[in-house]
Structures are given as C-alpha cells and as structure tokens.
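Enquirer: Here is a sequence together with a model predicted from it:
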Amino acid sequence: MTSMPELEHRHTHTEAMLSVEDALSRILSFVEPLEPVRLPLADVVGMVLAGDVTSELDVPPLDNSAMDGYAVRAGDVAGASEGTPSTLRIIGKIAAGQLPSAPVTAGTAIRIMTGAPIPDGADSVVPFEETDEVERRRDGRALDEVSVNMPAALGAHVRLAGRDITKGQTVLKAGTVLRPAQIGLLASLGHPKASVHRRPVVAILATGDELAQPGEVLPEGRIYDSNSPGLTAAVLEAGGVPKPIGFARDDLGSVNAKLDEGLDADLLITSAGVSKGDFDMVKDVLSERGEMQFWSVRMRPGKPLAFGLLSAGGPSGQGETGTQSVPNLDGQSVTRNVPHLGLPGNPVSALVAFEQFGRPAIARMLGRGPVPRPTVRAVLADPIRNADGRRVFARAVVTRRDDKYHASLTGNQSSNLLTSMAEANGLAICPEDVPGMGVGEEVEVLMLQWPPEVF
C-alpha cells in the first residue's frame with residue numbers, strides 16, 4: 001500500500017460538526033486501491049481490473065458460418081428460385097472445430113455447421129431450409145447434391161474473422177468491474193486469470209463490557225453482540241473480506257490486545273467507544289495507537305464517528321506515525337498504513353454510518369469509482385421530524401402503487417431498534433436544512449434493497 005497523507009493532529013481533535021460529504025471526503029483521501037493480484041476467472045466476479053486487457057488474437061480467428069447450411073459461391077445460385085433451383089454437387093462436410101479439406105469450386109457446395117470455418121472459394125452460406133435437403137432425406141435420395149431454391153447475397157451468413165475483436169485491440173479498460181459478460185470475454189481471449197485489485201480484508205471489533213457472544217448463555221445485565229455479525233454481513237455485501245475479531249472489554253489491556261489482532265487488515269472497523277458518553281480509555285487507546293480524529297457528523301443516526309491511522313508500535317508510537325510492520329501474504333515484513341473507522345455503538349447507527357462511510361471506502365480499495373445506491377422519489381406516508389439540523393436517514397419501506405413510489409416509516413426510529421432496520425428496504429432522507437417533512441410530501445429514498453416487489 002502506498003503512503004498516505006498525514007492527519008493534521010496526533011491525538012483527539014474536536015471540531016465543528018461535519019457534513020456527511022466532508023466526513024466522507026476526508027476518509028476517502030486516506031484510502032487507495034489495493035495492489036493487483038492474479039486470480040482465476042471463477043474468483044473475480046465483482047472485482048475490478050487493475051490494468052487494460054489487449055487482445056492477442058482476432059475473434060473469431062477465422063471466417064465462419066453463422067448458420068447450419070451449405071458453403072457456396074454466390075454467383076452459382078444467383079438465379080435460383082423454387083421453380084428453377086440451382087443444383088450443386090456436395091463435395092464435403094465441415095463441423096465446428098474442423099478445418100476445410102477442399103475448396104469450393106464452380107458448381108460445388110460443402111455442407112457446413114454453425115461456427116465452422118468457411119472453406120476457400122466460398123463466399124456465402126445457404127441455410128438448410130432454403131434447399132431441398134429435407135425432401136431428399138424424406139424420399140431416400142442420396143445427398144451427393146443439393147438444390148438451392150433462393151439466391152444468396154454475397155457474404156450471407158458469414159461471420160468475418162476479427163468481426164468481434166481484432167488483434168491488438170484494447171477490449172477492457174483498467175477499472176472495469178468484472179461481470180459475467182466481461183469474464184466470458186476474457187475467456188474468449190484465452191485468459192485463465194485476470195489481474196484485479198484484491199479484496200480488502202476488514203477487521204471488525206466491537207467494544208463494551210456489556211457484550212456477550214451469540215450462542216452463549218446470556219449473563220444477566222449483558223446483551224448479545226449484534227454489531228459484529230451485522231457489520232460482517234455489510235462488509236461481505238460491499239465486496240470486502242470480513243475478519244471478525246470479537247469484542248474488547250472496557251479496559252486498556254483488552255482494547256490493545258484486540259487492536260493488535262486487527263493490524264494485519266487493510267481496514268479496521270470498530271463499533272462503540274467514540275461518543276461523548278463512552279469510556280475515555282477507548283478514545284485514549286485509539287489516539288495513542290496512531291493519529292485519530294473524533295468527529296460529530298451532521299446526520300441521524302450515526303452522529304459520533306472516529307477516523308484515523310493506527311500504528312503497530314503500540315502506545316509508545318514506535319516507527320512512523322500511522323504505519324505498521326506486519327507480515328504480508330509471503331511472510332515478509334512490510335510497513336503499511338492501517339485506516340481505522342470508528343462507528344457508533346447503537347446497531348442502527350453503526351449500519352447507517354457504515355453505509356455512508358465504510359461501503360465507499362471498501363469500493364475505493366477495490367478500485368471502483370463511486371457506487372451509489374439507487375434512489376427514488378417517494379410520497380411520505382408518515383412525517384419525519386428534524387429538530388436539530390442534522391440529515392435524517394429514516395428507515396422506510398418503499399412500495400409502488402398508482403405509478404408512484406410510497407414510503408412508510410418502520411415505526412419507532414430509535415437507533416437501538418434493529419427491527420426497524422430489518423423491516424426497511426430504504427432510508428428516507430430529510431435534508432439537514434429542513435425542519436421536518438410531512439405526510440404527502442415527496443422524499444428522496446436511498447434504496448438498500450431493490451426487490452421486484454417494489455415495482
């Protein structure tokens with residue numbers, strides 16, 4: 001990973017509330033596309049090409065037939081009709097994958113299958129249905145000749161060499177997202193692998209004494225950790241490789257030990273410990289481990305946010321600030337930056353903040369440009385209140401009826417209520433400069449899902 005710009009301040013920095021766009025811009029300025037890797041085509045769907053792909057051959061490599069029929073000379077059948085067919089002598093047959101063994105000469109034809117190379121001398125293909133082959137077979141006559149019932153245009157049903165791709169042509173540009181068609185195209189050029197920006201490994205850490213592991217008996221006074229599984233799924237959906245490292249207790253040793261487990265990742269995401277009411281030790285550890293900034297973002301939910309670069313040197317800050325020395329995939333010691341994104345602790349806040357900041361950061365690491373979710377304009381069925389001048393992302397269900405989209409909120413919008421997020425297929429956006437939106441008003445909705453039933 002190449003070097004990144006330094007953050008302005010070494011330790012915790014408090015400033016005026018940031019807009020969503022400003023916070024995202026600052027985060028993305030510290031994130032770059034990851035280095036290229038060569039992977040089998042079966043493993044690169046959704047990944048991004050790291051370089052241009054130039055063809056080393058023509059596709060198709062030879063003139064070939066677009067139909068099952070007969071390779072002929074157009075001049076030999078120029079006057080053909082059902083009443084006065086042109087009868088040609090059949091001198092061979094060519095299947096796809098075979099090469100012609102003889103040229104077509106005056107008064108002859110070669111039976112040819114789709115995809116088979118056009119023999120020398122032929123300039124057109126006559127489909128079977130424009131001949132009397134079916135009648136000859138039905139009557140038990142020999143197929144040593146065939147009558148053509150229609151004239152053939154010069155070049156009819158002939159696919160020319162290089163018509164799809166010519167040798168030396170750049171067929172895919174760096175930055176192309178590889179979908180099934182692009183992967184098939186690479187295979188058609190003979191490539192078994194593709195050079196792509198590798199998927200980022202994203203370490204995921206929750207913090208808090210109150211957390212318990214799902215599957216365990218829930219101790220009194222504890223809650224199950226829902227942030228780690230939810231963020232793991234969000235990272236997967238965004239194209240990253242999640243590395244859940246559990247949760248840290250609210251003490252220096254636990255937080256430091258867990259951070260160490262995540263320092264071989266490309267991005268470290270934590271949840272909780274970044275708002276004014278959280279234990280100061282979490283902020284202190286993050287600040288001592290690297291260059292951190294703690295922000296208030298003008299959004300609801302998801303106001304508290306932290307971002308910075310973590311160091312492997314621990315509290316002593318050994319080595320260059322914001323860098324770390326860890327083994328790479330080959331076991332060699334390398335120095336690289338570890339961006340850290342600190343999300344709020346409430347589960348809805350964590351998911352909404354990840355959507356706004358974590359998902360774009362992963363897209364940048366993958367080598368993609370912006371990958372915005374689809375948005376629709378919908379008629380509100382419930383009011384959205386905005387009492388403190390923040391951009392509100394209200395959980396909503398979007399449906400379509402009477403040729404319009406309609407958005408109904410999913411009930412109580414408290415940021416600890418995961419059910420309201422689970423029921424939503426979109427986030428209805430009330431701008432920060434709007435005190436609220438009423439029933440019947442049109443609202444922009446960021447679609448988290450794009451299911452057929454919306455239509």
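Expert: That came through, no problem.
Enquirer: for the helix or strand hosting residue 394, packing partners?
Expert: Here residue 394, judged by DSSP states H and E, is contained in strand 391-401. Applying 3 or more Cβ pairs under 8 Å, 6 or more residues apart in numbering; DSSP states H and E, we find strand 391-401 packed against strand 299-300, strand 375-380, strand 384-385, strand 404-409, strand 426-430, strand 442-447. For glycine as for every other residue, the C-beta is placed from the backbone atoms N, C-alpha and C.
Enquirer: What lies in contact with that strand?
Expert: When contacts are defined by Cβ atoms under 8 Å, 6 or more residues apart in numbering, strand 391-401 is touched by residues 19-20, 298-302, 348, 352, 376, 378, 384-386, 405-410, 413, 420-421, 423-432, 445-447, 453-455.
Enquirer: Dump it to CSV, restricted to CA.
Expert: In CSV, the C-alpha atoms belonging to strand 391-401 read as follows (Å, rounded to 0.1, in the frame of the first residue of the first chain):
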residue,chain,number,x,y,z
ARG,A,391,-29.5,14.9,7.9
VAL,A,392,-32.0,12.3,8.9
PHE,A,393,-31.9,8.8,7.4
ALA,A,394,-35.3,7.4,8.4
ARG,A,395,-35.9,3.7,8.0
ALA,A,396,-38.7,3.2,5.5
VAL,A,397,-40.5,0.6,3.4
VAL,A,398,-40.9,1.6,-0.2
THR,A,399,-43.8,0.2,-2.3
ARG,A,400,-45.1,1.2,-5.7
ARG,A,401,-48.8,1.7,-6.5
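Enquirer: now the angle from that strand to strand 442-447?
Expert: 90 degrees (axes from the mean of the first three to the mean of the last three Cα atoms, to 10 degrees).
Enquirer: What residues sit buried inside strand 391-401?
Expert: Neighbour counts over strand 391-401 (16 or more other Cβ atoms under 10 Å) mark 391, 392, 393, 394, 395, 396, 397, 398, 399 as buried.
Enquirer: want to throw these into TSV with distance to residue 225 and pLDDT?
Expert: Listed next are those as TSV, based on distance: Cβ to Cβ, whole Å; pLDDT from 0 to 100:
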residue	distance to residue 225	pLDDT
391	28	97
392	27	98
393	23	98
394	26	98
395	21	98
396	27	97
397	27	96
398	30	96
399	33	94
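Enquirer: Switch the helices and strands packed on strand 391-401 over to CSV; also include mean pLDDT, distance to residue 163 and mean neighbour count.
Expert: Rendered in CSV, the data for these read as follows (pLDDT from 0 to 100; distance: least, Cβ to Cβ, whole Å; neighbours: other Cβ atoms under 10 Å):
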stretch, mean pLDDT, distance to residue 163, mean neighbour count
strand 299-300, 96, 52, 22
strand 375-380, 96, 40, 17
strand 384-385, 96, 55, 18
strand 404-409, 96, 43, 18
strand 426-430, 98, 44, 24
strand 442-447, 97, 40, 19
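Enquirer: want to try CSV for those strands, with distance to residue 201 as columns?
Expert: As requested, the helices and strands packed on strand 391-401 are exported to CSV (distance: least, Cβ to Cβ, whole Å):
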stretch, distance to residue 201
strand 299-300, 27
strand 375-380, 30
strand 384-385, 37
strand 404-409, 36
strand 426-430, 27
strand 442-447, 27
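Enquirer: quick one, which of those is nearest to residue 59?
Expert: Relative to residue 59, the nearest member of the helices and strands packed on strand 391-401 by Cβ to Cβ is strand 442-447, separated by 37.8 Å.
Enquirer: tell me which strands and helices that closest one is in contact with?
Expert: Strand 442-447 makes packing contacts with strand 375-380, strand 391-401, strand 404-409, strand 426-430 when contacts are defined by 3+ Cβ pairs under 8 Å, 6+ apart.
Enquirer: CA atoms only for that strand, dumped as PDB, please.
Expert: This file holds the C-alpha atoms of strand 442-447, laid out as PDB (Å, rounded to 0.1, in the frame of the first residue of the first chain):
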ATOM      1  CA  GLU A 442     -42.100  13.800  -1.700                       C
ATOM      2  CA  VAL A 443     -38.900  12.500  -0.200                       C
ATOM      3  CA  GLU A 444     -35.700  11.000  -1.700                       C
ATOM      4  CA  VAL A 445     -35.200   7.400  -0.600                       C
ATOM      5  CA  LEU A 446     -31.800   5.700  -0.700                       C
ATOM      6  CA  MET A 447     -32.700   2.100  -1.600                       C
END
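Enquirer: and that strand, how far from the chain's centre?
Expert: For strand 442-447, the distance between its averaged C-alpha position and the chain's averaged C-alpha position is 23 Å (Cα atoms, centre = their mean, to the nearest Å).
Enquirer: for stretch 351-366, same thing?
Expert: Using Cα atoms, centre = their mean, the distance between the centre of stretch 351-366 and that of its chain works out at 12 Å.
Enquirer: how much space between residue 27 and residue 356?
Expert: With distances taken as Cβ to Cβ, to the nearest Å, residue 27 is found 10 Å from residue 356.
Enquirer: Break the chain into its domains for me.
Expert: When the chain is parsed into structural domains using automatic domain parsing, the resulting residue ranges are 20-35+198-365, 36-60+178-197, 64-159, 375-454.
Enquirer: mind checking which of the ones you listed is nearest residue 166?
Expert: domain 36-60+178-197 (5.7 Å).
Enquirer: Which residues are in contact with residue 427?
Expert: Taking Cβ under 8 Å, 6+ apart, we find residue 427 in contact with 352, 355, 393, 394, 395, 396, 445, 446, 448.
Enquirer: Let's have the domains of the chain in a markdown table, adding distance to residue 170.
Expert: Formatted as a markdown table, the domains of the chain follow (distance: least, Cβ to Cβ, whole Å):
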| stretch | distance to residue 170 |
| --- | --- |
| domain 20-35+198-365 | 20 |
| domain 36-60+178-197 | 5 |
| domain 64-159 | 22 |
| domain 375-454 | 32 |
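Enquirer: and the ones you listed, which is most packed in?
Expert: When the domains of the chain are scored by mean count of other Cβ atoms under 10 Å, the highest mean neighbour count falls to domain 20-35+198-365 (a mean of 19).
Enquirer: End to end on it, go ahead and measure it.
Expert: End-to-end distance for domain 20-35+198-365: 20 Å, by Cα to Cα, to the nearest Å.
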